[in-house]
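# Dropping the sequence and predicted coords here.
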Amino acid sequence: MTASADSIPSAGTSSSNLLGWTVVAFGFVAIAFSYAARALLGLVMPIWESELGWSRSLISSGGALALIVMALAAPVAGDLVDRFGPRKLLAAGLVILAAGLLSTTVSVEPWHFLISFGVVSGIGFGVVAVNAVFAAVAPYFDRNRGFVLGVVDSGSTIGQFLLVPAAALLLALFDWRLGFVAIALICLALVPLAWRGLPRQAAAVEAAQGVEPAARGRIAGLAASPAFHLLFWSFVLCGFTSSGVIETHFLPYAAFCGFAPVAAAGAFGFLSGVNLVGILLAGWLSDRMHRPLLLAIIYAARALTFVLLMNVGTDSARLYLFAGLFGLFDYATAPVVASLVASHLGLRVMGLAMGILSAGHAVGAAAGALAGGVVFDFYGGYRELWLFSVTFALLAAVIAVCLKERRPALA
């Protein structure tokens, strides 16, 4: 007998595993389209500069605003998943995201763009995000949890790998608005699937052990944890050096170097494809090796890739080499961090904890997105931005080394 979406079977049963993999599959697809939508901003940035007369700083500010709104939405979304499950939350998030993307296509004034993409889409990005899906998935898997979380997180790369080059092709052949419309319509098509297939209730394995404390008490508990602070501040720096500078400014930087939009989008798609390998490998390794050391290695390797990026010039081979190397270490941090949250902070607060960590990541990303626009307008290039990124990635590696390993006992 299979489990209905309204019931939560005991962890470890076949029905529980079936429902868990259902959440994994849906979360994978939803995250794919959410992350692809985020990448559209970098793709259309040079077009908006010429077509609408907007500065790169203004457009970057819209991306930064979306990330700040994500930061505000992520803890709330994570807490709601902990308490009520993913069905209503993800369905509502998909509707909000679609509304923001459709509204962006008719933006002709800066304030309209800031509200549509920065605020409305930002809320959707904060809800349809890996932190919420991680919290929904983790209680269903005791063993190989890191790898399963890596599978969920790989949706963020698959969407960019398949959809961003397709959007670039639509942009070259027709109009930039078609990419936004296509992703918005797919998000709306996913809503009834979320309503029918996702569990209505939360699946926290530990929920039966006591009365769940109020959100204020859980936040206070996290604030008193040294492990939480180390994870938080390293993840802030992670956001600056990944989503902030690369998702927002890699495509404009490639255009600045002289690469055509389709070629640049192809490199970005290649980066996203390699990302899949990096995420799954990191998730697999997080079940088998010292996780703080693994996290530090990822950050340090990411720092080295920025040195290559500064020396790309007009060489396509170097551009693709950077894309491949950076892709291995881009989103690879997420399953490792999520695994550490589950073991060091607990499943009962995983949604809230990952939400706050994601908020820190988004704040760091917002700083990176805004810094890229300001640096470009002030210096006429991106070299200083990449130097900042090298420094921050190395600092994140140092923070990660300070964590202690703590493996949970498996039944």
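Ah, there it is.
# hey, let's count contacts and neighbours off CA atoms from now on
Noted.
# Show residues contacting the least confident helix or strand in the chain by mean pLDDT.
Lowest mean confidence among the helices and strands of the chain (mean pLDDT, DSSP states H and E): helix 155-173, at a mean of 74. With contacts defined as CA atoms under 8 Å, 6 or more residues apart in numbering, helix 155-173 is touched by 27-36, 39-40, 43, 176-179, 261-262, 265-266, 268-273, 275-276.
# which of those residues count as buried?
27-36, 39-40, 43, 176-177, 179, 261-262, 265-266, 268-273, 275-276 (16 or more other CA atoms under 10 Å).
# Give the ranges of residues in the stretch 151-300 of the chain that sit below the confidence cut-off.
Counting by pLDDT under 70, the ranges of the stretch 151-300 of the chain that qualify are 160, 200-215.
# Let me see the ranges of the helices in it.
155-173, 177-197, 215-223, 226-239, 248-257, 261-286, 291-309 (DSSP state H, counting those that start in this stretch).
# Name the residues of the shortest one that are buried.
Which is helix 215-223. R218, L222.
# can you give me the offset of it from its chain's centre?
Taking CA atoms, centre = their mean, to the nearest Å, one finds helix 215-223 lying 24 Å from the centre of the chain it belongs to.
# what's it packed up against?
Packing partners of helix 215-223 (3 or more CA pairs under 8 Å, 6 or more residues apart in numbering; DSSP states H and E): none among the helices and strands.
# residues touching L114, list them.
G62, L65.
# ok, now which ones touch I356?
Per CA under 8 Å, 6+ apart, neighbours of I356: A71, A74, P75, F232.
# which one of the residues you listed is nearest A303?
F232 (18.7 Å; CA to CA).
# roughly how far apart are the closest residue to that closest one other than its chain neighbours and L80?
Sequence neighbours aside, L357 is the residue nearest to F232 in space, at 5.3 Å (criterion: CA to CA, 6 or more residues apart in numbering). Distance of L357 to L80, computed by CA to CA, to the nearest Å: 15 Å.
# higher neighbour count, these two?
L357 (27 against 19; other CA atoms under 10 Å).
# Tell me which helix or strand the more buried one sits in.
Mapping L357 onto the secondary structure by DSSP states H and E places it in helix 350-379.
# burial measure for E51, as a count.
Counted with other CA under 10 Å, residues neighbouring E51 total 9.
# F147 too?
F147, neighbours per other CA under 10 Å, totals 23.
# thought L345 was touching L222?
Yes - assessed by CA atoms under 8 Å, L345 is found in contact with L222 at 7.4 Å.
# re the thing from before, flag every buried residue along the least confident helix or strand of the chain.
155-171.
# quick one: contacts for A254?
With CA under 8 Å, 6+ apart, A254 has these contacts: A260, A264.
# now do V337
L231, L295.
# Can you point out the buried residues in the host helix or strand of it?
Using DSSP H and E, V337 maps to helix 333-344. By neighbour count on 16+ other CA under 10 Å, the buried set for helix 333-344 is T333, A334, P335, V336, V337, A338, S339, L340, V341, A342, H344.
# Same check on stretch 131-143?
N131, A132, V133, F134, A135, A136, V137, A138, P139, Y140, F141.
# Tell me the pLDDT of A342.
Looking at A342, its pLDDT is 83.
# Does it touch A353 like I think?
No - using CA under 8 Å, A342 is not in contact with A353; the gap is 9.3 Å.
# Find the residues that touch each one of the two.
With CA under 8 Å, 6+ apart, A342 and A353 have no common neighbours.
# Which positions in stretch 380-392 come out as buried?
G381, Y382, R383, L385, W386, F388, S389, V390, F392.
# Determine which two of these are furthest apart.
G381 and F392 (19.2 Å).
# Name the nearest residue to A73, sequence neighbours excluded.
Nearest non-adjacent residue to A73 (CA to CA, 6+ apart): G126, at 5.1 Å.
# can you check Y320 too?
Y320's closest residue in space is A267 (CA to CA, 6+ apart), at 5.6 Å.
# Contacts only, for that neighbour.
L319, Y320, A323.
# if I look at the last one, how far off is L276?
Meaning A323. A323 is 13 Å from L276, by CA to CA.
# Also the first one?
Using CA to CA, L319 is found at 19 Å from L276.
# out of the helices of the stretch 151-300 of the chain, nearest to L67?
The nearest among these, by CA to CA, is helix 226-239 at 9.8 Å.
# List the buried residues in that closest one.
Result for helix 226-239 [16+ other CA under 10 Å]: buried residues 227-239.
# helices and strands around it, which ones?
Going by 3+ CA pairs under 8 Å, 6+ apart, helix 226-239 lies up against helix 333-344, helix 350-379, helix 383-401.
# So what's the model's average confidence on the second one?
Mean pLDDT, computed over helix 350-379, is 87.
# quick one, it and helix 226-239 angle?
If you take axes from the mean of the first three to the mean of the last three CA atoms, to 10 degrees, helix 350-379 sits at 40 degrees to helix 226-239.
# list the contacts for the nearest residue to A396 once chain neighbours are set aside?
Spatial nearest neighbour of A396, chain neighbours left out: S234 (4.6 Å); criterion: CA to CA, 6+ apart. By CA under 8 Å, 6+ apart, the contact set of S234 is L395, A396, A397, I399, A400.
# my guess is the fourth one meets H229, correct?
To tie it back to what came earlier, the one meant is I399. No - between I399 and H229 there is no contact under CA under 8 Å: 9.7 Å.
# if we can go back for a sec, the residue nearest to A396 and P192: what is the separation?
S234 is 37 Å from P192, by CA to CA.
# again with L90
11 Å.
# got it, and H290?
Counting by CA to CA - H290 and P192 are separated by 41 Å.
# So the two - more neighbours on which side?
Using other CA under 10 Å as the criterion, H290 and P192 rank with H290 on top: 14 against 10.
# and the angle from whichever helix in the chain runs longest to helix 261-286?
Using DSSP state H, we find that the single longest helix of the chain is helix 14-51. Per the same axes, to 10 degrees, the angle that helix 14-51 makes with helix 261-286 is 150 degrees.
# Show me what secondary structure element comes after helix 14-51.
Following helix 14-51 toward the C-terminus (DSSP H and E): helix 56-84.
# for that next one, packing partners?
helix 14-51, helix 87-104, helix 122-127, helix 130-137, helix 350-379.
# Now render those as JSON lines, adding distance to A282.
Below are the helices and strands packed on helix 56-84 laid out as JSON lines (distance: least, CA to CA, whole Å):
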{"stretch": "helix 14-51", "distance to A282": "17"}
{"stretch": "helix 87-104", "distance to A282": "26"}
{"stretch": "helix 122-127", "distance to A282": "24"}
{"stretch": "helix 130-137", "distance to A282": "15"}
{"stretch": "helix 350-379", "distance to A282": "18"}
